[in-house]
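*Asks:* here is my input; please provide its structure:
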Amino acid sequence: MGAGVYPRSQAVFTFLFLLAASGIYVGTRPPAGGSGTGSSGSGTGSTPTPVDTTLSSAALLAMGTAEIAALTTAQIRALTTSQVAALTTLQATALTPRQIAALATLQLAALETADLAALSTAAIAALETGQAARLSTAQIRALSSRQILALEAQDLAALTSTQIASLKTQQVQALNNAQLAALGTASMAALTTTSIVALSSQQFAALSAAQLGAWGTRQIAAIETRDITALSAAQFAGLSSAQVAALPSQQIAALAANGVLPPALLAGIAALPTSVIAAFGSLQITALTPTQLASLTSAQTGALSTRNIALLTPMQVGALTPVQIAGLKPALAGMLSPPQVAALDAPDVAALSTAALVALGPQAFRAMPPTPLAA
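*Replies:* This next block holds a predicted model:
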């Protein structure tokens, strides 16, 4: 064979080699990530082109649930808002948690309420905090109780006041203690009175003093009697005098009977109705300071039960004014012990009615200071 003369097979091989080196392939293209320099290869480090991820609307609508679930996060992110809105409810049920987490906020906003309601609880739990905060009020209201319960506490805490105010009663009732504890004061202030009525006693027990303190007077007044008895003294510590003043008398009576009264309530004890005073238990009576007792009206003093009168310490009795003493009914005066009577001063004894004096026991009568009688 002479110089410069190549066999035919070697010439073909050389030609194909030159084509490959220039990025031109004959037959099937090499797989993505191969050694070529095309746009889908890794030789140039470029990102996938739209043709790799973009789906036509017709192709998307023709997909079954298995095909929808098989879409990559890149393909999900490439969907337009119109395509997201065009998804059928059946297709929405197939969306996986990873796919939901991959949606941009605009894409999520385009998801119809029926489709959002069709998502699995796992998909709802996969929502990022930023995604949850961008849901519309219509989308929020479309969530089922199970979906609301699936929201992570930090996602619920990220909801705006407008979103919180849009919650339905069934949704509020579905909130667990961790979710309720995550709500800030602004969120608590956004709860409607209807939502407050919907809360259970167990949910009320999970609220903090700061959360209760965020409610307005109308919200405080909306607390049902059965729920208010579930609150502790520590929870009531956050209530202001204005909030306490908004409590209906039946609520205050229930608190008194349960042995729990807010400090702000006792501070304004003179404003309490006689029905509430009559409902005071031993804990409230023994906790009253002399100053608080002295602030009671004669009608309030007269409303005290015989048991409560008997529980007063001599110091507390000594703090009563002549006007209050004059309001004591004979049955109440008859419960005064000798040490209690001995704590009265001359003006107090002088204020006792004849019927009250007659009602005193013999020992209590002898314990009175002699000066008023001599006068």
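
*Asks:* what are the buried residues along stretch 208-222?
*Replies:* Neighbour counts over stretch 208-222 (16 or more other Cβ atoms under 10 Å) mark 208, 209, 211, 212, 213, 214, 215, 219, 220, 221, 222 as buried. The C-beta positions use only the backbone N, C-alpha and C, and glycine is treated the same way.

*Asks:* mind checking which of the residues you listed land in helices?
*Replies:* Judged by DSSP state H, the subset of those located in helices is 209, 211, 212, 213, 219, 220, 221.

*Asks:* name the nearest residue to the residue nearest to the spatial centre of the chain, sequence neighbours excluded.
*Replies:* The chain has residue 180 as the residue nearest its centroid, 3.2 Å off, counting by Cα atoms, centre = their mean. Of all residues not flanking residue 180 in the chain, residue 206 sits nearest, at 5.1 Å (Cβ to Cβ, 6 or more residues apart in numbering).

*Asks:* look up how far residue 196 lies from that neighbour.
*Replies:* 14 Å (Cβ to Cβ, to the nearest Å).

*Asks:* more neighbours: the two, which one.
*Replies:* It is residue 196, of residue 206 and residue 196, that has more neighbours when counted by other Cβ atoms under 10 Å, with 22 against 18.

*Asks:* show me what contacts that one?
*Replies:* By Cβ atoms under 8 Å, 6 or more residues apart in numbering, the contact set of residue 196 is 215, 219, 222, 223.

*Asks:* mind listing what the third one touches?
*Replies:* The contact partners of residue 222, by Cβ under 8 Å, 6+ apart, come to 193, 196, 197.

*Asks:* off-centre distance for the helix or strand where the second one lies?
*Replies:* Residue 196 belongs to helix 193-198 when elements are defined using DSSP states H and E. Put simply, helix 193-198 sits 12 Å off its chain's centre (Cα atoms, centre = their mean, to the nearest Å).

*Asks:* if you count neighbours, what's buried in it?
*Replies:* Using 16+ other Cβ under 10 Å as the test for burial, helix 193-198 gives 195, 196, 198.

*Asks:* next, format those as a markdown table and append distance to residue 276.
*Replies:* As requested, the buried residues of helix 193-198 are exported to a markdown table (distance: Cβ to Cβ, whole Å):
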| residue | distance to residue 276 |
| --- | --- |
| 195 | 27 |
| 196 | 22 |
| 198 | 27 |
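
*Asks:* tell me the SS of residue 341?
*Replies:* At residue 341 the chain is in helix, as set by DSSP: H, G, I helix; E, B strand; the rest coil.

*Asks:* do the same with the one 3 residues further on
*Replies:* At residue 344 the chain is in coil, as set by three-state DSSP.

*Asks:* that one and residue 314: what is the separation?
*Replies:* Here residue 344 is placed at a distance of 9 Å from residue 314 (Cβ to Cβ).

*Asks:* what do you get for residue 188?
*Replies:* According to Cβ to Cβ, residue 188 stands 45 Å off from residue 314.

*Asks:* name the residue in these two with the higher neighbour count.
*Replies:* When residue 188 and residue 314 are compared for neighbours, residue 188 comes out ahead with 21 against 15, by other Cβ under 10 Å.

*Asks:* okay, and that one sits in which element?
*Replies:* helix 185-190.

*Asks:* which residues touch that helix?
*Replies:* Residues contacting helix 185-190 (Cβ under 8 Å, 6+ apart): 157, 159, 161-162, 164-165, 207, 210-216, 219.

*Asks:* change it to 6 Å
*Replies:* 161, 164, 165, 211, 214 (Cβ atoms under 6 Å, 6 or more residues apart in numbering).

*Asks:* so what's the fourth one up against?
*Replies:* Residue 211 is in contact with residue 188, counting by Cβ under 6 Å, 6+ apart.

*Asks:* before we move on, what about the third one?
*Replies:* Contacts here follow Cβ under 6 Å, 6+ apart; on that basis residue 165 touches residue 190.

*Asks:* so for it, what's the pLDDT?
*Replies:* What the model reports as pLDDT for residue 165 is 96.

*Asks:* cool, the last one as well?
*Replies:* Residue 214 is assigned a pLDDT of 95 by the prediction.

*Asks:* tell me the pLDDT of residue 32.
*Replies:* Per-residue pLDDT puts residue 32 at 42.

*Asks:* ugh, wrong one, residue 130
*Replies:* Confidence score, pLDDT, at residue 130: 93.

*Asks:* please apply the same query to residue 42.
*Replies:* 39.

*Asks:* likewise for residue 258?
*Replies:* pLDDT, read off for residue 258, is 68.

*Asks:* now do the one 5 residues further on
*Replies:* Residue 263 is assigned a predicted lDDT (pLDDT) of 67.

*Asks:* repeat that for residue 145.
*Replies:* 96.

*Asks:* from here on, call the first residue 17.
*Replies:* Right, with 17 as the first residue, what we last looked at is residue 161.

*Asks:* for the stretch 17-166 of the chain, which residues score under the pLDDT cut-off?
*Replies:* Across the stretch 17-166 of the chain, the ranges flagged by pLDDT under 70 are 17-69.

*Asks:* which residue packs closest to residue 219, ignoring adjacent ones?
*Replies:* residue 196 (5.9 Å).

*Asks:* wait, which of the contacts of residue 238 is closest to residue 118?
*Replies:* Minimum distance to residue 118 across those is 37.1 Å, recorded for residue 212 (Cβ to Cβ).

*Asks:* hey, where'd the helices end up in the stretch 267-391 of the chain?
*Replies:* In the stretch 267-391 of the chain, the helices defined using DSSP state H, counting those that start in this stretch lie at 279-283, 290-294, 298-303, 306-310, 314-318, 322-327, 330-334, 338-342, 346-349, 354-358, 362-367, 370-375, 378-382, 387-390.
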